[in-house]
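Chemist: the following comprises the amino acid sequence and a computationally predicted model.
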Amino acid sequence: MMYTEVDELDGRINQMRKVLIQIAEETGLNSHDTLCYSQKLDELITIHQKLKIDNIQKVDQKSCIVI
């Protein structure tokens, strides 16, 4: 997975946050819809964090100098 996927995921996360805020304002913090969107956002954030860690590890592996 490349950095472009991380960037794309950033956009999806930001959009999901906006939707979550709107739904929470309309239906309340404890509504079923708010909780569902919150869980989906959590999943996206978890995927995002894993992608960033994987990318950092790939860069580290490529930049190692073996003597």
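Modeler: All right, it came through fine.
Chemist: now stretch 32-52: how far from the chain's centre is it?
Modeler: In terms of Cα atoms, centre = their mean, to the nearest Å, the centre of stretch 32-52 is set 6 Å apart from its chain centre.
Chemist: over to stretch 9-22?
Modeler: Worked out by Cα atoms, centre = their mean, stretch 9-22 lies 9 Å from the chain centre.
Chemist: buried set for it?
Modeler: Residues of stretch 9-22 classed as buried: Leu9, Met16, Leu20 (neighbour count, 16 or more other Cβ atoms under 10 Å). All C-beta atoms are positioned from the backbone trio N, CA, C, and that covers glycine.
Chemist: on the three-state scheme, Lys18 is what?
Modeler: Following DSSP: H, G, I helix; E, B strand; the rest coil, we place Lys18 in the helix state.
Chemist: what packs against the worst-scoring helix or strand of the chain on mean pLDDT?
Modeler: Least confident element among the helices and strands of the chain, by mean pLDDT, DSSP states H and E: helix 32-63 (a mean of 86). Under the contact criterion of 3 or more Cβ pairs under 8 Å, 6 or more residues apart in numbering; DSSP states H and E, helix 32-63 touches helix 3-27.
Chemist: could you check how far the closest residue to Glu5 other than its chain neighbours is from His32?
Modeler: Among residues not flanking Glu5 along the chain, Leu51 sits closest, at 6.2 Å (Cβ to Cβ, 6 or more residues apart in numbering). From Leu51 across to His32, the span is 29 Å (Cβ to Cβ, to the nearest Å).
Chemist: higher neighbour count, those two?
Modeler: Between Leu51 and His32, counted using other Cβ atoms under 10 Å, the more crowded position is Leu51 (17 against 9).
Chemist: hmm, Val6 and that one touching each other?
Modeler: Yes. Here Leu51 reaches Val6: they are 5.0 Å apart, a contact under Cβ atoms under 8 Å.
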